[in-house]
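Engineer: From the sequence below, what's the structure:
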Amino acid sequence: MHAPPHRPDPDLPATPAPGADAGTPPETDRHAPQPRLGVHLAGDGVDVAVLASHATAVELCLVDRLDEVDEAVDGTGDDGAPARFRERRVALSGPAYGVWRAHVTGVRPGQRYGFRVHGPWDPAAGLRHNPAKLLVDPYARGLVGELVDDPAIRGHAGPDADGPADDRDSLPYVPHSVVVPEPTAPLAPRPRVPWSRTVVYEAHVRGLTQRLEALPEHLRGTYAGAAHPVTIAHLRELGVTTLELLPIHANVPEPHLLAAGRTNYWGYSTLGFFAPHAAYATRAAREAGPEAVLDEVRGMVHLLHEAGIEVLLDVVHNHTCEGGPDGYHLSWRGLDNPLYYLHDGRSPARLADVTGTGNSLDFRRPAVVRAALDSLRYWAQVVGVDGFRFDLAVTLGRGVDGFDAHHPFLVALQTDPVLCGLKLVAEPWDVGPGGWRTGQFPPPFGEWNDRFRDAVRQFWLADAREAAHGRAGHGVRDLATRLAGSADLFGHSDPPLLRGPVASISYVTAHDGFTLADLVAYEHKHNLANGEGNRDGTDDNRSWNHGLEGPVGDAVDALPDDAPGAAGPGLEIAPLRRRSIRNVLATLLLSAGTPMITAGDEMGRTQRGNNNAYVVDDETSWVSWDLSPWRKDLLATARHLLALRREHAALRPDAFYTGRPRPTGPGGVPDGVPDLAWFGADGAGLDHATWHDPGVRTLQMLRTAPAPGASDVLVVLAGGLDPVDVTLPGLRAAAGGEPERWTLAWDSAWEHPGDRADVDGDGLARPGDVVVLEPLNLRVYVSTATPLPSPPPVL
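Structural biologist: Numbering: from 1, shown residues only. Take a look at the predicted model:
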């Protein structure tokens, strides 16, 4: 179902039905209102508008793929077989405020097209016009064809990027834009999950289901597969509310990868900000064309919404696939290089790279801001997604003097009626000057909290590793700040504390870096498969292999169920690794903030020590659904921990803690107990010296019920390598109430939540009772009359 054709824009001059090259374009008002950019069906043809403010002429090129036509241009087809093309050119009128446009009759859905742009070739001035190159429409709703590694895909001749223009036609070697009608089939309503109940699951469309044998083979690794009932059942049973997809904008490999015959598996190399990446669609949709690919993407969103699951898109508006000055000449570089890309302001002009990719889009330019906003609105309104995660978001807020929290783009996101109500998440850094900005984005942004990641890894893994060698760690002060929602980062607002702990997108792993299972099995990266001599990827992993690098014995699995090996008094390596996974996972899921799980971590996915698998599109990166017994236990544990979070409001606050009693009244707690209190192993409050003691390895966090009838929750963390006696604390007796009756809800010593049945006695404890925690142990106690969630069955 598609929208009726728009009426042609009356300000656009009409051109004859394309059959031969059009002549001189008619005059146009150079100050006419700006039209919609792109190529859109309207009346008896299409309205065309493209920004090329420094050009002297622009042509719309209508491309037909033919089997046998005398005047065809030879090339390579979508399937790798020889293909031939015929091109018909239509001169556009303009420029009007930099925009060239026309209404072209006779163009129908499915038509391939591109642009050729005439103008100066003057690299020293940043001008790189080359009409020999067919350019992708930045607003194209669909793309077809593959990028072929041929000299013609660059604008310059020879190795010198500042040398003369290359005169070879790029048409046969580049993807083509396609006219796509705008769909109007209704979509299911957005789930609108509150931030306080949000659990994010970061996944790759292909990697999520490529190995899921419960899916029909033709759906594995596709948009349709991501919304298959089997996939949805896994997400819902796990407790996920929000699926965050790695980039699904149309993308191509970077130049060095294309030359090596490799791909950017993650997709952070965008060619089209409006077009879905066709490679993730089913074969049937790909063969039917871009319209069917778009329908499959919308169908995925629709089905996930029907299941109550939100969809966030990871978007890469900070740079494009064109790379540095010696890179591709595919779209923006040929249309308006000095306008789209950030330059250093010197002569000769040089790109200013604050993204580490060779180029950065210049968000000081209104046209760049407009293009990003237009793309976001399209995906929100037409595709129906629920929000966006902005890659290297600091670049999007860079003005004349660097990052500005009041940058026009960020203000627009806060005020735009289409976008301001969506979930907006910033990766709050880039690689430019002053690029680390965690906590400095305005509301309603959430932000990836790298300080949370580092603190949790440091406490459970890096400090434990140091302790095994007799060296001191970092104590508990920073960990406590992260457990409580990172008010030091996200509490600065007007009025203060406005954003709440939900602004912290808390994570311990992501697509880049070690997986959770690899964090406990590797201390060093093993990235040779990436083809860069193990130079790529971070060396700051804060991991611990527990005494042996990689798999135990001859096993491929780094954490087999029956692997022997010593790692400390009386402990075997494999069981200790599994406990460390549970400790890290529980800390993530039970902390204040918005937790983000990386796909497969709940099932022990490994990349065999590769911490930068951006080029590895195989079983290394794909989620494994073939679960050994310990992986089944881990999945049951993740489900149980998320059930605890879901059922106990004290674990998911939407306001920062103050350490004081909450106000009385509706929704308050009128019993005078503080909302949060901290205790040491002795059950007493922590004094200044204890908070700053690097040798302290035990911490108790007591969060009181936020409303009458809810539960108090006590989390006990013991990060030492020896057993420790812990005196359980309480608050209510001192406030004149009944003492807490602590029920053990979960223990990281349990391989499976069902092991709770092995607890001696009735499992109840009172403040003042002494319990013994094993080395590297985390426990959760609940004081409530509400029944605990039933543990998942043993799988």
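
Engineer: residue ranges with poor pLDDT in the stretch 551-700 of the chain?
Structural biologist: 553-571, 664-671 (pLDDT under 70).

Engineer: Break down it into its strands, ranges please.
Structural biologist: Using DSSP state E, counting those that start in this stretch, the strands of the stretch 551-700 of the chain run over 594-598, 676-679, 698-703.

Engineer: What strands line up against the last one, and which way round?
Structural biologist: Translated: strand 698-703. strand 676-679 (antiparallel), strand 712-718 (antiparallel) (DSSP bridges).

Engineer: tell me which element residue 425 is part of?
Structural biologist: Using DSSP states H and E, residue 425 sits in strand 423-426.

Engineer: residues making contact with that strand?
Structural biologist: 195, 198, 242, 244, 310, 312, 386-390, 393, 413, 441, 444-448, 505 (CB atoms under 8 Å, 6 or more residues apart in numbering). All C-beta spots, glycine's among them, are computed from the backbone N, C-alpha and C.

Engineer: Centre-most residue in this protein?
Structural biologist: residue 314 (4.2 Å; CA atoms, centre = their mean).

Engineer: Run through this protein and note the low-pLDDT ranges.
Structural biologist: In the chain (pLDDT under 70), the answer is 1-28, 67-83, 553-571, 664-671, 757-762, 784-795.

Engineer: 80 instead, please
Structural biologist: 1-32, 67-83, 553-571, 663-671, 756-763, 784-795 (pLDDT under 80).

Engineer: re the thing from before, nearest to residue 154, of the strands paired with strand 698-703?
Structural biologist: Among the strands paired with strand 698-703, strand 712-718 comes nearest to residue 154, with 55.2 Å by CB to CB.

Engineer: residues making contact with that closest one?
Structural biologist: By CB under 8 Å, 6+ apart, strand 712-718 touches 459, 476, 479, 483, 583, 587, 590, 648, 650-651, 681, 697-705, 724, 726, 728-729, 731-732, 740, 742, 773-784.

Engineer: What is the helix or strand that comes right after that strand packed up against?
Structural biologist: Sequence order places strand 724-727 as the next helix or strand after strand 712-718, per DSSP H and E. With contacts defined as 3 or more CB pairs under 8 Å, 6 or more residues apart in numbering; DSSP states H and E, strand 724-727 has these neighbours: strand 698-703, strand 712-718, strand 770-773.

Engineer: before we move on, back to that, most tightly surrounded among the strands paired with strand 698-703?
Structural biologist: Between the strands paired with strand 698-703, strand 712-718 has the highest mean count of neighbours, a mean of 25, where neighbours are mean count of other CB atoms under 10 Å.

Engineer: Now it - C-alpha only, PDB.
Structural biologist: Output in PDB follows, covering the C-alpha atoms of strand 712-718 (Å, rounded to 0.1, in the frame of the first residue of the first chain):
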ATOM      1  CA  ASP A 712      13.700  -3.200  50.200                       C
ATOM      2  CA  VAL A 713      16.600  -4.700  48.300                       C
ATOM      3  CA  LEU A 714      20.100  -5.400  49.600                       C
ATOM      4  CA  VAL A 715      23.000  -6.100  47.200                       C
ATOM      5  CA  VAL A 716      26.200  -7.500  48.800                       C
ATOM      6  CA  LEU A 717      29.400  -7.400  46.700                       C
ATOM      7  CA  ALA A 718      32.400  -9.300  48.000                       C
END
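
Engineer: Now do it: distance to the chain's middle.
Structural biologist: Strand 712-718 has its C-alpha centroid displaced from the chain centroid by 30 Å (CA atoms, centre = their mean, to the nearest Å).

Engineer: Name the SS class of the residue nearest to the centre of the chain, please.
Structural biologist: strand (DSSP: H, G, I helix; E, B strand; the rest coil).

Engineer: List the contacts of the residue lying closest to it once chain neighbours are set aside.
Structural biologist: Nearest in space to residue 314, with sequence neighbours left out and distances taken as CB to CB, 6 or more residues apart in numbering, is residue 389 at 4.6 Å. Contacts for residue 389 (CB under 8 Å, 6+ apart) come out as 244, 312, 313, 314, 315, 425, 426, 427, 448.

Engineer: With distance to residue 250 as extra columns, can I get these in JSON lines?
Structural biologist: Shown next, in JSON lines, are the contacts of residue 389 (distance: CB to CB, whole Å):
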{"residue": "244", "distance to residue 250": "19"}
{"residue": "312", "distance to residue 250": "18"}
{"residue": "313", "distance to residue 250": "13"}
{"residue": "314", "distance to residue 250": "14"}
{"residue": "315", "distance to residue 250": "12"}
{"residue": "425", "distance to residue 250": "22"}
{"residue": "426", "distance to residue 250": "23"}
{"residue": "427", "distance to residue 250": "21"}
{"residue": "448", "distance to residue 250": "24"}
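
Engineer: Identify, from those residues, the entry nearest to residue 367.
Structural biologist: Nearest to residue 367 out of these is residue 315 (CB to CB; 17.7 Å).

Engineer: Can you tell me the closest non-neighbouring residue to that closest one?
Structural biologist: Excluding its sequence neighbours, the residue lying closest to residue 315 (CB to CB, 6+ apart) is residue 388, at 5.1 Å.

Engineer: thinking again about what came up before, can you tell me which of the strands of the stretch 551-700 of the chain is packed in deepest?
Structural biologist: Highest mean neighbour count among the strands of the stretch 551-700 of the chain (mean count of other CB under 10 Å): strand 594-598, with a mean of 26.

Engineer: which helices and strands does that strand pack with?
Structural biologist: Strand 594-598 packs on strand 200-203, strand 504-506, helix 573-590, going by 3+ CB pairs under 8 Å, 6+ apart.

Engineer: The nearest residue in space to residue 693 that is not next to it in sequence: neighbour count?
Structural biologist: Spatial nearest neighbour of residue 693, excluding adjacent residues (CB to CB, 6+ apart): residue 475 at 5.6 Å. Residues near residue 475, counting by other CB atoms under 10 Å, number 21.

Engineer: How much space separates residue 475 from residue 433?
Structural biologist: 32 Å (CB to CB, to the nearest Å).

Engineer: where do the helices sit along the stretch 201-350 of the chain?
Structural biologist: 205-209, 223-226, 229-238, 255-259, 283-288, 290-306, 332-340 (DSSP state H, counting those that start in this stretch).

Engineer: export those to TSV and tack on distance to residue 519 and mean neighbour count?
Structural biologist: Below are these laid out as TSV (distance: least, CB to CB, whole Å; neighbours: other CB atoms under 10 Å):
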stretch	distance to residue 519	mean neighbour count
helix 205-209	19	26
helix 223-226	26	26
helix 229-238	20	17
helix 255-259	27	17
helix 283-288	37	15
helix 290-306	29	22
helix 332-340	38	24
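
Engineer: for those helices, which one sits closest to residue 579?
Structural biologist: Closest to residue 579 of the helices of the stretch 201-350 of the chain is helix 229-238 (CB to CB; 20.6 Å).

Engineer: any idea how far that closest one is from the chain center?
Structural biologist: The answer for helix 229-238 is 20 Å, by CA atoms, centre = their mean.
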